[in-house]
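Asker: Sequence below, structure please.
(2 chains)
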Amino acid sequence: MLTIQAIKVEKERVIKGLVKRGWSDEQLKIVGKVIELDDARRRTQTELDQLLSEINSISKEIGSLFKSGKADEANALKRKVADIKATSGELETRQKDLKREIESQLLNIPNVPHESVPKGSSEDDNEVYQSWSGDLPQLDASAQPHWDLARKYNLIDFELGTKITGSGFPLYRGQGARLQRALIGFFLDEAAAAGYEEIIPPLLVNESTARATGQLPDKEGQMYYMEKDDLYLIPTAEVPVTNIYRDVIISENDFPIKLTGHTPCFRREAGSYGSDVKGLNRVHQFDKIEIVQIAHPDKSYEVLMEMIAHVEGLLKKLELPYRILRLCSGDLGFTSALTYDFEVYSAAQKKWLEVSSVSNFETFQSNRLKLRYKDGQGKKRLAHTLNGSALALARIVASLLENNQTPEGIKIPEVLTSYTRFDLIK
RNA sequence: GGAGGAGUGGCAGAGCGGUUGAAUGCACUGGUCUUGAAAACCAGCAUACUCGAGAGGGUAUCGGGGGUUCGAAUCCCUCCUCCUCCGCCA
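Answerer: Numbers count the residues shown, from 1 in each chain, chains lettered A, B, ... in the order given. Predicted structure coming up:
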């Protein structure tokens, strides 16, 4: 959520950003409206404060009148207070309504895209920031997609997952489970080596938490919800991990804060269908290692590049063909200022699969989180938050299986063999 | 799940209807003293909103929300969290 202060001070920049995101003149009216609402809020505040101040001083007077036995005068003042209270009560209601209205309007305004974000209307306009320079793996006609390979080598049982839970909940077994665990260990070790502190967070979060990172109210339908306990299953480790710093004021020399966590991620993915959801391409439960950084505003774009280099390093070590996209304004997430997506080539499907998304949210998230730091002057300022997948497992598994299939079996990248304890799936 | 108890400033801990935004101690910051440090002494030290060019003023906040009252940290209701005992349990 943008701050109302930022919208007022940087109105032109905000409007430019929204136009880049494709907002119409009609939609842009919300910016002026929210500023007007805030002006009204402040006027009401001033008026209300004056009345409350009056009530407070009269109350003190009443107290001393009672003490000195002047009950009549005191009672007269009581009636006066009652009159003022009628007005102040109205103002209070108006004030609450205004605040609620401002809040709900602000929730509809997305983050301002970074200037480097290319203008565009859909994913087709995303900029290939770094293309794959080598040859893409060419498989012969007998090559199989990962869901067939998974069955052939008894790695993943989609039917059993469906039996136990429902579609989109794969069951990994044998070497498939082992490969999964190897990847988790590898990614966590790499993150630790890069200075990230490992976190194992709760997988269920409360409403405040989901609200603070922006899953609520924007993506309510995307999360599994436990009605009885009023809790949500996390769609990503970002949610609990970033919320460690909700309502926290850190000191300037605590930067940078680097956290990582492996969790299963649960997504309802309502409305998805077709080849997109085939096999591991889109599932309701998958494992992901997330990296999160909390950065000084002056440093956050450096940090973003550092995180991209980290993800890139993982893909290189896994020997997977990948490319990096810079998301265009039309495909950029609501909360993000700049996002780079990583896609891995899945040779049998002949498809690029998204395996990571690395974003700088600037202060958009920290505003809701109330995550601040004290600067040199002791002033509190909002910190910048960033996160990225490093990496999302299911699709990595899919492309590993497809790209590394050979007549003898599926080759395991060297970097993983110390984790899997086998170098060939057969 | 049942029965009790408790939630006050960075921490500890008073206050239990009326100049209490909140005693006191510790911590912290500045100063005096000292060759330096410690000790001692003096002063300062919450957050948010708001008015004001500024100085400074106002309002709200004693776990969250609501209520009683002219007036609430103090009384009532409700929710949350923590502690103790019992039960259940990986």
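Asker: wouldn't A:Ile109 be in contact with A:Leu18 here?
Answerer: Yes: in terms of Cβ atoms under 8 Å, A:Ile109 counts as a neighbour of A:Leu18; the distance is 7.3 Å. Placement of C-beta: from N, CA and C, glycine included.
Asker: Need the residues touching each of those two.
Answerer: By Cβ atoms under 8 Å, 6 or more residues apart in numbering, A:Ile109 and A:Leu18 have these common neighbours: A:Val31.
Asker: interface residues of the stretch 1-150 of chain A facing RNA strand B?
Answerer: Taking Cβ under 7 Å from any atom of the strand as the measure of proximity, the stretch 1-150 of chain A contacts RNA strand B at A:38, A:42, A:45-46, A:48-50, A:52-53, A:55-60, A:62-63, A:66, A:78, A:81-82, A:85.
Asker: Can you flag the buried ones in these?
Answerer: Taking 16 or more other Cβ atoms under 10 Å as the criterion, what is buried in these is A:38, A:48, A:55, A:58, A:62, A:81.
Asker: List the ones among those that fall in helices.
Answerer: In helices, judged by DSSP state H, the following of those are found: A:38, A:48, A:55, A:58, A:62, A:81.
Asker: In the stretch 201-350 of chain A, where is pLDDT below threshold?
Answerer: Residues of the stretch 201-350 of chain A meeting the criterion pLDDT under 70: A:271-277.
Asker: residue ranges of the strands in it, please?
Answerer: In the stretch 201-350 of chain A, strands defined by DSSP state E, counting those that start in this stretch lie at A:204-205, A:225-226, A:231-233, A:249-251, A:257-266, A:285-295, A:322-326, A:338-346, listed in chain order.
Asker: Mind listing residues that contact the fifth one?
Answerer: When contacts are defined by Cβ under 8 Å, 6+ apart, strand A:257-266 is touched by residues A:184, A:187-188, A:191-192, A:194-201, A:203, A:223-224, A:233-237, A:240-241, A:244-245, A:250, A:284-295, A:390, A:392.
Asker: chain center to that strand, what's the gap?
Answerer: Mean-position distance between strand A:257-266 and its chain equals 12 Å (Cα atoms, centre = their mean, to the nearest Å).
Asker: Mind listing the strands it pairs with, and their directions?
Answerer: strand A:197-199 (parallel), strand A:285-295 (antiparallel) (DSSP bridges).
Asker: May I have the secondary structure class of A:Gly168?
Answerer: Classification of A:Gly168 into helix, strand or coil gives coil, according to DSSP: H, G, I helix; E, B strand; the rest coil.
Asker: Does it touch A:Asn281 like I think?
Answerer: No: counting by Cβ under 8 Å, A:Gly168 does not reach A:Asn281; the two are 10.3 Å apart.
Asker: okay, and the common contacts of these two?
Answerer: Common neighbours of A:Gly168 and A:Asn281, counting by Cβ under 8 Å, 6+ apart, are absent.
Asker: What count of nearby residues applies to A:Ala309?
Answerer: Neighbour count of A:Ala309, defined by other Cβ atoms under 10 Å: 10.
Asker: what about the helices in chain A?
Answerer: A:4-9, A:11-20, A:25-67, A:71-106, A:146-152, A:158-164, A:175-193, A:207-212, A:238-242, A:300-317, A:364-369, A:393-403, A:414-420.
Asker: wait, A:Glu354 sits on A:Phe342?
Answerer: Yes: in this structure, A:Glu354 sits in contact with A:Phe342. The criterion is Cβ under 8 Å, and the distance is 7.2 Å.
Asker: who's more crowded, those two?
Answerer: Looking at A:Glu354 and A:Phe342 with other Cβ under 10 Å, you find the greater number of neighbours at A:Phe342, namely 28 against 16.
Asker: looking at it, the more buried one is touching A:Trp352, isn't it?
Answerer: No: in terms of Cβ under 8 Å, A:Phe342 does not count as a neighbour of A:Trp352; the distance is 9.6 Å.
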